[in-house]
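Novice: fold the following, please.
(one chain, ligands or ions: 1)
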Amino acid sequence: MSSKTDFRTLCVHAGELKDTQHGGAISPLYASTSYSFTDVKIGQYPRYFNTPNQRGLSEKIAALEGAEAGMIFGSGMAAISTALLSHLKAGDHVVFQDDLYGGTRNFIKHEFPKYGIEFSFTKGLNPENFSDEIKSNTQGIYIETPSNPTLKIIDLKAVAALAKSAGLWTMIDNTFASPVNQNPIALGIDIVLHSATKYLGGHSDICAGAVLGTKECIDRVFSSAKNFGGSLSDYTVWLLERSVKTLYIRVQAQNQNAQQIAEFLEHADWVDHVFYPGLKSHPDHALAKAQMQGFGGMLSFNLGTQVDSKKFLLSLALIKPTMSLAGIESTALSPHLTSHALLTEAERLAQGITPQMIRFSTGIEAVEDIKADLFQAYKKAIK
Ligand SMILES: *Cc1c(COP(=O)(O)O)cnc(C)c1O
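Specialist: Modelled structure (predicted):
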């Protein structure tokens, strides 16, 4: 890689706006919602996703995913719902992987029937589980890897090849990996989605989303997006650009901490099981190593039966028991009580989610402090 296209350099500089008026070092913020119509071909307007800051940040995130083009949305769900609906019509069918982010699952189950769009969930995460669900009216395959919260890995090259041979599009929710650890377009996936609320934002203070793909695909998303109107305020676009500049160093620190915490928990006799693709014991470790540049900051673990899981979460002092993930501060939650609470008990168990499971989002604190906090919380939570 030449230094011009090095990922770290792209994080800082891709898509930046020049301050030609004052020579400032950073992108100016253009908050205007009204632009002259006399000398601009297509009207510039925030809901047309084409203000200077929106275009700059779209270019930056597209560069990080190796995509031709991109769009920034007001939330991850705005990005996901718009990408899906722009590619579907009544009578179409989509194959979704089984372990899916709860909000996406709710969107499909609640909205698709109203529009006459059919869907199936796979019965496993192997490529053959996806081909099993393809029907004559199937248009595309939608995946998420590593999966939430059990960190299973899907073979991206195999699923992309399978979809291409069947003439289907592929979409991936790449939120958990972040563009630092996984670039699905290079592996043959068509459309990459992000909840920028997570790693791209990284400080738990921004709600945003992104869609990346070919120019043709983004044009198609745009044709629906301008009608749905899920654009992001330029103030937040500007703040998100600042966040993405430090994406690489944040995620590297999170990767390193997560690996050490996973190894620490794997050797703790008060933990029954650790789910982390960076562990040699993870069933998909070799696949993760082949298709990811890093194993990510997310991990899950099952507390031993001698530990009260609720008390464990409430006894954490440094680690915050909060929803959401990917901030620079470590957080933990119970998928059973929060992210997956809307599933039935049977659906949860089918995905391997028990009340003893803790999902952990690794921050950039000193790893010894994180380990010490986990250990003292365990001591307090022994039944
Ligand atoms: C949070 C999240 C979303 C939804 O994003 P919002 O910004 O909350 O709308 C989608 N997918 C994954 C994997 C997420 O973690």
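
Novice: could I get the phi/psi values of I189?
Specialist: phi -80, psi 140 (degrees, to the nearest 10).

Novice: near it, how many other residues are there?
Specialist: 24 (other CB atoms under 10 Å). Every residue, glycine included, has its C-beta placed from N, CA and C.

Novice: any low-confidence regions in the stretch 251-383 of the chain?
Specialist: Residues of the stretch 251-383 of the chain meeting the criterion pLDDT under 70: none.

Novice: tell me where it has strands.
Specialist: Counting by DSSP state E, counting those that start in this stretch, one finds strands in the stretch 251-383 of the chain at the ranges 271-275, 298-303, 331-333, 357-361.

Novice: those into TSV, with extra columns for distance to the ligand?
Specialist: Shown next, in TSV, are the strands of the stretch 251-383 of the chain (distance: least, CB to the nearest ligand atom, whole Å):
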stretch	distance to the ligand
strand 271-275	15
strand 298-303	9
strand 331-333	12
strand 357-361	10
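
Novice: what does the protein put close to the ligand?
Specialist: Taking CB under 6 Å from any ligand atom, the part of the chain that reaches the ligand is made up of 75-77, 101, 103-104, 144, 148, 173, 175-176, 195, 197-198, 207, 209.

Novice: and the helices in the stretch 201-350 of the chain?
Specialist: 215-228, 234-245, 247-266, 285-291, 309-315, 345-350 (DSSP state H, counting those that start in this stretch).

Novice: so can I have TSV of those showing mean neighbour count?
Specialist: Below are those laid out as TSV (neighbours: other CB atoms under 10 Å):
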stretch	mean neighbour count
helix 215-228	17
helix 234-245	20
helix 247-266	21
helix 285-291	17
helix 309-315	17
helix 345-350	12
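
Novice: can you lay out the ones you listed as CSV showing distance to P28?
Specialist: What follows is the helices of the stretch 201-350 of the chain, written out as CSV (distance: least, CB to CB, whole Å):
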stretch, distance to P28
helix 215-228, 24
helix 234-245, 9
helix 247-266, 21
helix 285-291, 38
helix 309-315, 43
helix 345-350, 48
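
Novice: the residue nearest the centre of the chain and Y248, how far apart?
Specialist: Closest to where the C-alpha atoms of the chain average out (CA atoms, centre = their mean) is T175, at 0.9 Å. Using CB to CB, to the nearest Å, one gets 17 Å for the distance from T175 to Y248.

Novice: ok so, going back, redo the strands of the stretch 251-383 of the chain as JSON lines? Include mean neighbour count.
Specialist: As requested, these are exported to JSON lines (neighbours: other CB under 10 Å):
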{"stretch": "strand 271-275", "mean neighbour count": "20"}
{"stretch": "strand 298-303", "mean neighbour count": "24"}
{"stretch": "strand 331-333", "mean neighbour count": "21"}
{"stretch": "strand 357-361", "mean neighbour count": "25"}
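
Novice: I am finished for the moment; much appreciated.
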